[in-house]
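Trainee: Below are the sequence and a predicted model; questions follow.
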Amino acid sequence: MPDSDLLPSLLFKLNENQLALEAAIMELTNWVQQRGSADVADNVRGALVTIDRNEEFIKMTLAMMMTPE
């Protein structure tokens with residue numbers, strides 16, 4: 001298998017890891033907020049907005065890469 005065939009799979013797995021980390025961080029953020037650190041929770045949620053903003057582009061690009069020519 002040529003290395004170029006591995007790239008879409010690698011990118012898919014990296015995106016999958018990114019989404020799993022986002023979910024884990026959100027769980028911790030909720031836990032922090034429940035314990036009275038609303039400012040910290042808001043800051044983390046603000047940082048996670050970047051992941052949300054980029055998610056659709058990443059999915060679209062991966063779909064294009066995995067589509068046979």
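Mentor: Received, thanks.
Trainee: Could you report the neighbour count for Thr29?
Mentor: Thr29: 19 surrounding residues under other CB atoms under 10 Å. All C-beta atoms are positioned from the backbone trio N, CA, C, and that covers glycine.
Trainee: give me the element it is part of.
Mentor: Applying DSSP states H and E as the criterion places Thr29 in helix 3-34.
Trainee: Now do that helix, average pLDDT.
Mentor: For helix 3-34, the mean per-residue pLDDT is 89.
Trainee: what packs against that helix?
Mentor: In this structure, helix 3-34 makes packing contacts with helix 38-66, judged by 3 or more CB pairs under 8 Å, 6 or more residues apart in numbering; DSSP states H and E.
Trainee: Show me what the helix it packs on is packed against.
Mentor: In terms of contacts (3+ CB pairs under 8 Å, 6+ apart), helix 38-66 is packed against helix 3-34.
Trainee: residues of the helix holding Thr29 that come out buried?
Mentor: Neighbour counts over helix 3-34 (16 or more other CB atoms under 10 Å) mark Pro8, Phe12, Asn15, Thr29, Val32, Gln33 as buried.
Trainee: Also compute the angle for it relative to helix 38-66, please.
Mentor: Inter-element angle recorded for helix 3-34 and helix 38-66: 160 degrees (by axes from the mean of the first three to the mean of the last three CA atoms, to 10 degrees).
Trainee: thinking again about what came up before, which one among the buried residues of helix 3-34 gets closest to Leu62?
Mentor: Phe12 (5.5 Å; CB to CB).
Trainee: hmm, back to that, ok now the helix holding Thr29, how far from the chain's centre?
Mentor: Relative to its parent chain, helix 3-34 has a centroid offset of 4 Å by CA atoms, centre = their mean, to the nearest Å.
Trainee: One more: stretch 27-35?
Mentor: For stretch 27-35, the distance to the chain centre is 19 Å (CA atoms, centre = their mean).
Trainee: ok, the nearest residue to Pro8 once chain neighbours are set aside - contacts?
Mentor: Once flanking residues are discounted, Pro8 sits nearest to Met65: 4.3 Å by CB to CB, 6 or more residues apart in numbering. Contact analysis of Met65 by CB atoms under 8 Å, 6 or more residues apart in numbering lists Leu7, Pro8, Leu11.
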